[in-house]
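Trainee: Build me a model:
(2 chains)
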Amino acid sequence: MIHIQKAGLLTTVQDLGRFGFKKHGVVTSGAMDQEAHLISNWLVGNNPNTPTLEITLMGPVIEFQEDALIAICGGNLSPLIEGDAVECWKPIFVRKGTELRFGRPASGFRAYLAIGGGFNIPSIMDSASTYMRAQIGGYEGRPLEDGDRLSVDRKSPSSESLFNVLKEKADRKNFHASNWSVSEELRSRNNDPIRVIKGREFDQFTDVSQDAFTNEPFTIDSKSDRMGYRLNGQKLKWESDSEMISSAVSIGTIQVPSDGNPILLLADSQTTGGYPRMAHVITADLPKIAQMKPGEDIHFQIVSHEEAQQLYLQRQNLLRHLELGIRTKTG
Amino acid sequence: MNAHFYPLGDQAVTIEFGDSINEESHQNIRKLAAFFDENPPGWLIEYIPAFASLTLFYNPLFIRKQQKHTLPYEWVVGEIKALLPTLTHKRANSSRTIEIPVCYGQKYGPDLAHVAERNDLSEEEVIHLHTNGDYLVYMIGFAPGFPYLGGMDKRIQAPRKPDPRLRIPAGSVGIAGEQTGVYPLETPGGWQLIGQTPLRLFRPEDASPSLLKAGDRIRFVEISEREFLRLKEES
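Mentor: Okay, here's the model as predicted:
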C-alpha cells in the first residue's frame, strides 16, 4: 500500500491510453509523455501498459507502507527520499515507512512514478487511465487527493528479482538505487524546434500566417491542460470559401479557431473537431511537448510526412533496444 | 466510391467521401466501417466515422514488420484503394431505430418557450415538430456518446444562447441553429434546452459505451414528468 499524504498540483493515474472507443466519443487519455511512462515501467520490470502516476510540476508526498521497487522518469521534479536527492531514470528499492517527496522542479513539467507490480487500478474500457471529464478510470475517476491509498499488484518474476538484488544491496539503508540508468540519448530533451507536418487546411491560411507559423514563436498559455495547449503569438488567419465539416482530430493536431489563436490538442482532447487544421506535431516530438510548461515558447519547423513516419520508426527502434538493454540488467 | 485521402498526423489517414453532408457519403462510410467491424485487420487500431469521412488510426510499427519498402501511410492507402471497389455494390446494413423518450418543457426544457416564441409557434407545435422528425446519427463526437444528428425541421431552429450555461444536466435535449442533440454528460453549453431524456447515452461500464452509434435512426417520443421520473429511476 502507498499512502498519498499530499497529492501535489495534479497527480493522476495513467497508462498508454484508451483505444478502440474513439468512435463512441471517448478520448484516448493516457500518459502525456508516453516514453517516460513506458521507460519507468520497463525499469521496474512491468509491462509498458501498467498504470503509473503522472506527476505535474509540484509533486506529491508519498509514504510507502510496504517495501517497493520504483522508478521516476520524465521531467526532473527533484525527487527526495527521506530528504536525500535521488536520481531519475533508474530503478530504486524503497523500504517500508520511507517518504518520497519532491523539491523545487529542476527541468520539465511531468514525471512518471512506476512501481514494481503496478498500482492496482480497475480497468474501464480496457484502460486504467484517468478520464477526468467523464469522471471514470484511474483512482475513482479523479486526480489523487490528500489521504488516498493505492495498493500494489503482484510483481512479475523480473521485477521480483531486481527488487531482491537492490534490497540486498540496500543493507539497512532506507533506499538503494541501481548503479546503471537510461542513456542520456534517450532522456535528453534538446532545444530544437518542434517538428510538425502540414495539416489538411494549411494551404488555406494566408501567406502571412503560413510564414508566421514557422518563423515566430508561440507561447503556451496558462489556460493549457491535458486537453490541449492554447498558444499565443501572431494570430493565424484562415481564408476559404468552403465550410469546414467536422471530422476526426488527433493527439498533436494544431487547430485554429476563428480568434486566430492555435490550440495544440493533447491526450485528453476530444475525438472530432470542426476548426481548420494548421499542422500536426509529429509523434516523435510529443514527449517533448509534454515536458513544456505554460509560459514557454514553442518554435515550429515543418517536415515532410514521410520524414515524420521515418522519425517515428527510428525512435521506436531506439526504444526497442533500450527495452532489451534493460532486460539484460533486470534478468 | 469516390474517395480522397489525406494523412491526419503520422499515425492516421482520413478518407473523405465528398465535401458535403449527404446520405450517399454517409452510406459509403458505413459500408467501410462495417467491413472493418467484420474483418478487423491487425494494423488497424480504431476508426472514427464523421459527417463525410472515415479516419483510420493505424499501427506503423505493425505495418513496418509486415513489409519494409513502403511507407506505412502509403501502404494503408493502397489497402483501402484496393478495398473500396469491392464494397461499391454491397448494401449497407439496415439502420437501427432508437426511441428517445423526452420530457419537454418546464424545468426539463427551460428554453422551450423561447424557441416557440422566436419561431411564432406554440410550445405544443415545437414538441410536435421535434417528435415528428426522422433523425440520422451522422457521427459521435464532442463528448462521449454525443450524437451529431441530421434531419431537424428548420421551423424550430434557434441560435445558441449568447451566454452559455455553466451546467447543463446530463440527458438535456437542445437546439443550436439547425441542429438538435442530446447532452450525455453534465457540461457547460450554449444550446437552447427544450427537454430532457431519462436515458443514459454514455454507459462506460458497457462493451459499447455509447447508446447511439453512427448510422442509427432516432425518434424522440414525448413522455410525462411522471414517466420521466419512473424511467430515470430504472436507468
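Trainee: Can you identify each of the strands in the stretch 51-200 of chain A by residue range?
Mentor: In the stretch 51-200 of chain A, the strands defined using DSSP state E, counting those that start in this stretch lie at A:52-56, A:61-64, A:68-76, A:79-81, A:84-85, A:92-94, A:99-102, A:107-115, A:149-150, A:175-177, A:194-198.
Trainee: Which of those strands sits closest to residue B:49?
Mentor: Proximity to residue B:49 (Cβ to Cβ) singles out strand A:194-198 among the strands of the stretch 51-200 of chain A, at 23.5 Å. For every residue, glycine as well, the C-beta is placed using N, CA and C.
Trainee: now residue B:131: how far from chain A?
Mentor: Distance of residue B:131 to chain A, given as Cβ to the nearest Cβ, to the nearest Å: 25 Å.
Trainee: for residue A:113, what are its contacts?
Mentor: Under the criterion of Cβ atoms under 8 Å, 6 or more residues apart in numbering or on different chains, the neighbours of residue A:113 are A:40, A:52, A:53, A:55, A:62, A:70, A:71, A:72, A:100.
Trainee: In chain A, which residue sits nearest chain B?
Mentor: Of all residues in chain A, residue A:272 sits closest to chain B, at 3.1 Å by Cβ to the nearest Cβ.
Trainee: Report the contact partners of the residue lying closest to that residue once chain neighbours are set aside.
Mentor: Once flanking residues are discounted, residue A:272 sits nearest to residue B:141: 3.1 Å by Cβ to Cβ, 6 or more residues apart in numbering or on different chains. Residues near residue B:141 by Cβ under 8 Å, 6+ apart: A:25, A:246, A:270, A:271, A:272, B:48, B:50, B:148.
Trainee: 7 Å instead, please
Mentor: Applying Cβ atoms under 7 Å, 6 or more residues apart in numbering or on different chains to residue B:141 gives the contacts A:25, A:246, A:270, A:271, A:272, B:148.
Trainee: Show me the beta-bridge partners of the residue of chain A closest to chain B.
Mentor: For residue A:272, the beta-bridge partners are residue A:248 (DSSP bridges).
Trainee: quick one: residue B:127 and residue B:221 touch, right?
Mentor: No. Under the criterion of Cβ atoms under 7 Å, residue B:127 makes no contact with residue B:221, lying 10.6 Å away.
Trainee: Name the residue in those two with the higher neighbour count.
Mentor: For residue B:127 and residue B:221, the more surrounded residue by other Cβ atoms under 10 Å in any protein chain shown is residue B:127, and the numbers stand at 22 against 11.
Trainee: tell me the mean pLDDT for the helix or strand containing the more buried one?
Mentor: Per DSSP states H and E, residue B:127 falls inside helix B:123-132. Helix B:123-132 shows a mean pLDDT of 97.
Trainee: Can you name the element that comes right after it?
Mentor: Immediately after helix B:123-132, counting by DSSP H and E, sits strand B:135-140.
Trainee: Which other helices and strands does that following strand contact?
Mentor: strand B:147-150, strand B:217-222 (3 or more Cβ pairs under 7 Å, 6 or more residues apart in numbering or on different chains; DSSP states H and E).
Trainee: What is the first one packed up against?
Mentor: Under the contact criterion of 3+ Cβ pairs under 7 Å, 6+ apart, the helices and strands touching strand B:147-150 comprise strand B:135-140, strand B:179-182.
Trainee: Listing partners with orientation, what would you give for the first one?
Mentor: So the one you mean is strand B:135-140. strand B:147-150 (antiparallel), strand B:217-222 (antiparallel).
Trainee: contacting residues around that strand?
Mentor: A:23-25, A:272, B:21, B:26, B:49-51, B:146-151, B:210, B:212-218.
Trainee: Of the residues you listed, keep whichever come out buried.
Mentor: Buried members of those, scored by 16 or more other Cβ atoms under 10 Å in any protein chain shown, are A:23-25, A:272, B:21, B:26, B:49-51, B:146-150, B:210, B:212-218.
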